[in-house]
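Chemist: Show me the folded form of this:
(2 chains)
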Number of protein chains: 2
Amino acid sequence: MRFASFFTRGFQRHPSCSKILLLCTLSGGGLLSYSESQSESITGPPASNTNSDVPAKKKVVVLGTGWGGTSFLKDLNASLYDVQVVSPCNYFAFTPLLPSVTCGTVEARSIVEPVRNMVKKRKGDIKFWEAECLKIDHANKTVLCRSNIGNNLVGSGEFSLEYDYLVVAIGAQVNTFNTPGVKEHCHFLKEVEDAQKIRRAVIDCFEKAVLPSLSDEERRTNLHFVVVGGGPTGVEFAAELHDHFQEDLVNLYPSVKDFVKITVIQSGDHILNTFDERISLFAEEKFGRDGIKVQTGCRVLSVDDKNITMKAKSTGEICSVPHGLVIWSTGIATRPVVRDFMEQIGQGKRHVLATNEWLRVKGCESVYAIGDCSSIDQQKIMDDISAIFEAADKDKSGTLTVAELKDVLDDIIVRYPQFELYLKSKHILDLSTLWKDSEGNYREEIDIEGFKMALSHMDSQMKSLPATAQVASQQGEYLARCFNRMHQCEEHPEGPRRFKGSGRHTFLPFRYKHFGQFAPLGGEQAAAELPGDWVAMGHSTQWLWYSVYASKQVSWRTRMLVISDWTRRFIFGRDSSRI
Amino acid sequence: MRFASFFTRGFQRHPSCSKILLLCTLSGGGLLSYSESQSESITGPPASNTNSDVPAKKKVVVLGTGWGGTSFLKDLNASLYDVQVVSPCNYFAFTPLLPSVTCGTVEARSIVEPVRNMVKKRKGDIKFWEAECLKIDHANKTVLCRSNIGNNLVGSGEFSLEYDYLVVAIGAQVNTFNTPGVKEHCHFLKEVEDAQKIRRAVIDCFEKAVLPSLSDEERRTNLHFVVVGGGPTGVEFAAELHDHFQEDLVNLYPSVKDFVKITVIQSGDHILNTFDERISLFAEEKFGRDGIKVQTGCRVLSVDDKNITMKAKSTGEICSVPHGLVIWSTGIATRPVVRDFMEQIGQGKRHVLATNEWLRVKGCESVYAIGDCSSIDQQKIMDDISAIFEAADKDKSGTLTVAELKDVLDDIIVRYPQFELYLKSKHILDLSTLWKDSEGNYREEIDIEGFKMALSHMDSQMKSLPATAQVASQQGEYLARCFNRMHQCEEHPEGPRRFKGSGRHTFLPFRYKHFGQFAPLGGEQAAAELPGDWVAMGHSTQWLWYSVYASKQVSWRTRMLVISDWTRRFIFGRDSSRI
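Modeler: Just a heads-up that it's a prediction; the model follows:
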């Protein structure tokens, strides 16, 4: 069933259906959107806590109100717990639209939803504090927080919260790879404030370039926009900026229109290299036609206020180019507070906080982590191979038949998804194929060594999940479902059998469903990778993009605002006021 | 005719007609709005300047893009001049809606129109530079400017512009009356950025106040909002904040709802003391019902980050009150660049830059000043009394009859508007009343002494114009009309006769037409002073306010945005995200 759902739950398999989908999603709030009514029905009436017979509710502290934290809160039955949320932002931002905010295609306020609007619906079951988490004190099960609100106000901003369960959904920070000058001289594109700053900075570049006192060379420098990183964010920003220039700025600043240049610097061989190759090529061709320079195989060595210095990987040549604005969009790194927590729990040597398949932090009974701040450490088949063999070998014969394996197959597939991925990748429809010996002859039974051999390549199918909104959001939903049914599932476990140890796991492990990804390329064209290896490119895909992004908005308010922003842009163009 | 127009050109004489007006203004762009089609038709095709036979166009430099500068540019036939505009803001802001921006009733972007959008329509006839004017060098007829754009960009931001005509429309700055701590610890409400900062600061106060680590006293302090200045801006802000609290924040921050307090501090005896007394009282009563504390007769001595210290004028008592946020909205002062210019032209001892009735700066042939940066120095009748007498005394008899005065009456009324105001204020319908002697007997003729006596109180009717958008905007329009017809009027003067000297003045002097003023008081109620001493208060006036403010937007884009913001607020409330 789970296997099948991978194919049937994709939202869209062919771009020709996009107009029908558009109608559905706009009218119904969408297949993929958070359903507000659903979350309300989950909530139920707040449980009274005044009766002394009722045991005190367990304290849940949630750090962060990004995709992970918000989707967790939306789906959590908050009346079951004493829920406290800490985040330095008092809003949730629909981050996939951030590149649109940089050019004013969409307004910043249209993509944010105040956390307190969501909290309000829970009638006091959730408490929110606008503060930053400074330290997770695992030994004492507390988090130390400090409010980052202007220091003209009275009262200490520091406080600590105790937890029974901690949900770390704190996200990640920009990875500068310790490149000198990046922090000081580059713009990032992770937060709403970043996008607003970029919008002002772009207009600044144009306003400065048209001043009467500048030389042509200076105008050219100020109008050189450099994007470091050819991932989806960087590419979308470059495309948005090009559109903004072609559709609006060229008419407002006609005297400098020939001096504008956009360069995308990518260390790999292609931009959008996490996408299907066809999309990479389509994007590179489109950028070529648009005059956006794509410089691949280049590593940035340093950035200062005037120049960006880089090295061509192939030739070793170093060159320095003057710029007006640099956007740094290369990857993510662990935040200091998470790093400190990792040290405490013996994960100090890892790059990123590791959780098990149930999103519980490894080495911590009561801490969960979701979204960009963590990574799932999938259990290897080869680590458990003896236990699996033993469990499957019901008659304790020391050998395994295909039929014996089939008896535990469902549990294996749930516990070790790489098993299924391996069969798929090798197009193995019949398990007895695994029983073949090295000469290709079918065997009736295999011993533990034969079993190890047969499964030895399966762990190579393990892939860590991308740091996307889609992953974080599904993790939040999954974790909320677990929290909602914790009591019930502890009595009646729903998870797969424990191959090591006895009984079953309490919950089914988290399983990510990839619904595809978009790359808007400007000029009302987009590329999309859809489930089932479908690839769509062009104008109809842009309309699909509009419809999906409209439908995925967290509230009807932001949905209305985003759609009206798009409409406004179509009618009046983008606003070039520098505010 | 001019006299009559005062009554007939009022936009609205009775509130019961407000719904009809609403329809008219929304559909037609409004009686009072800038007419875009009009300004386009004025522009005409750009005159070719390449032909060497054509004399070089005169250089007009405009400083500022506020109400004065923008309305001047909108109406100017830019093809007649070489027009350059300098302003540190690349947009025009519809400032009467700034108080609405502080609480998110209207978004900042909805009330701004990029200058370049207006410039674009003139097809290259107007050049705009985003820079600040540092110095007006009157002797060399140049202005020195510096771009205030981020210093990471290359090229000097300093340049100077030569002018044949200079239009100073640079506005004013906040007047702190040198009160200690005001600059450091108070918010102002003059610019769009100010409003955005206040919006964030209000949310900060609430987010800080709800934190778990604060005492009730600290919560109370952080939620004490103080408005210094009971003029229209301060009162409207207090009303907006109260609405914002009652309609939105009380639901989002229920735990601190009893700690919120708004205080308006006014040095005079009443708030809104430039309005009709009935409106003052209505506002004070409304604020009393709403729980907004109005503290009249109080002068602020100093402000620090925690407390505001004031003195009751009547008792001399000094008290200090803790605050979370102070809005300073008391009055305006001359900007340093204008002050420096005043020193150069011998106006150093004046408070504000003086112009004559044609908006030309006194002592400067080629400089005009409009809006808040200047004040019209109306010529006194008593200064010209002998010349007037002489001009009227056609038969040179040394005495004047009523008939003789009537012959020059039109010119007098145009040149000295206080004459007309005096007659109105004294309900004098018949000029022969002026010929009465001290015992009240009619005389046939009067001599120069009698004439002086009769007109002696007229100059007391001179009032300087208020520093409002309405005045600045009318001055801009007037000046543009003069510039458009300069050539024509120099040949055929349209102004009144020169009593001193011979001939006629080139243009009719500027005459302000007061279309009334509004004071929104919150809770969908407003007060309005309308032409003809009409006063309207209540809900229907708020609808009148909506319709007038929608109609007065400078473009269809901002009109649509403002109306959609109002609609959004009605449906979804205001956004409390801190961005």
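Chemist: going forward, measure contacts and count neighbours with C-alpha atoms only.
Modeler: Will do.
Chemist: separation between residue A:164 and residue A:60?
Modeler: Computed with CA to CA, to the nearest Å, the distance linking residue A:164 and residue A:60 is 6 Å.
Chemist: Looking only at neighbour counts, state which of those two leads.
Modeler: Ranked by neighbour count (other CA atoms under 10 Å in any protein chain shown), residue A:164 and residue A:60 place residue A:60 first, with 24 against 16.
Chemist: any idea how far residue A:282 is from the more buried one?
Modeler: Counting by CA to CA, the separation of residue A:60 from residue A:282 is 47 Å.
Chemist: and stretch A:309-324, how far apart are its ends?
Modeler: 14 Å.
Chemist: residue furthest from the geometric center of chain A?
Modeler: Relative to the centre of chain A, and counting by CA atoms, centre = their mean, the farthest-placed residue is residue A:397 at 46.9 Å.
Chemist: how close does that one get to residue A:446?
Modeler: Here the criterion is CA to CA. By it, residue A:397 lies 10 Å from residue A:446.
Chemist: for residue A:382, same thing?
Modeler: The separation that residue A:382 has from residue A:446, given CA to CA, amounts to 16 Å.
Chemist: Show me which of those two is the more surrounded one.
Modeler: More neighbours sit around residue A:446 than around the other of residue A:382 and residue A:446, counting by other CA under 10 Å; the figures are 20 against 16.
Chemist: So the more buried one: helix, strand or coil?
Modeler: strand (DSSP: H, G, I helix; E, B strand; the rest coil).
Chemist: Quick check: pLDDT value at it.
Modeler: At residue A:446, the pLDDT value in this model is 89.
Chemist: Hmm, residue A:399 and it touching each other?
Modeler: Yes. The pair formed by residue A:446 and residue A:399 meets the contact definition of CA atoms under 8 Å, at 5.2 Å.
Chemist: Need the residue closest to the centroid of chain A.
Modeler: Note on chain A: the residue nearest the mean C-alpha position is residue A:468, at 1.5 Å, using CA atoms, centre = their mean.
Chemist: Next up, the contacts around that residue.
Modeler: By CA atoms under 8 Å, 6 or more residues apart in numbering or on different chains, the residues touching residue A:468 are A:371, A:372.
Chemist: Stretch A:185-201 and chain B in contact?
Modeler: Yes. Part of stretch A:185-201 sits near chain B under the criterion CA under 8 Å from any CA of the partner chain, namely A:192, A:193.
Chemist: mind listing what's buried in that stretch?
Modeler: Buried residues in stretch A:185-201, defined by neighbour count with 16 or more other CA atoms under 10 Å in any protein chain shown: A:185-190, A:192-201.
Chemist: How many neighbouring residues does the closest residue to chain B within the stretch 1-150 of chain A have?
Modeler: For the stretch 1-150 of chain A, the residue positioned closest to chain B under CA to the nearest CA is residue A:114, at a distance of 4.9 Å. Taking other CA under 10 Å as the neighbour definition, residue A:114 ends up with a count of 19.
Chemist: Give me the distance between it and residue B:250.
Modeler: Look at residue A:114 and residue B:250: by CA to CA, they are 14 Å apart.
Chemist: And for residue A:248?
Modeler: Distance of residue A:248 to residue B:250, computed by CA to CA: 41 Å.
Chemist: can you map out the strands along the stretch 51-200 of chain A?
Modeler: Assigned by DSSP state E, counting those that start in this stretch, the stretch 51-200 of chain A shows strands spanning A:58-63, A:81-87, A:91-93, A:112-114, A:126-130, A:132-137, A:142-146, A:158-162, A:165-168, A:173-174.
Chemist: got a list of contacts for the host helix or strand of residue A:449?
Modeler: With the criterion set as DSSP states H and E, the secondary-structure element containing residue A:449 is helix A:448-455. Counting contacts by CA under 8 Å, 6+ apart, the residues outside helix A:448-455 that touch it are A:381, A:382, A:385, A:386, A:389, A:398, A:399, A:434, A:435.
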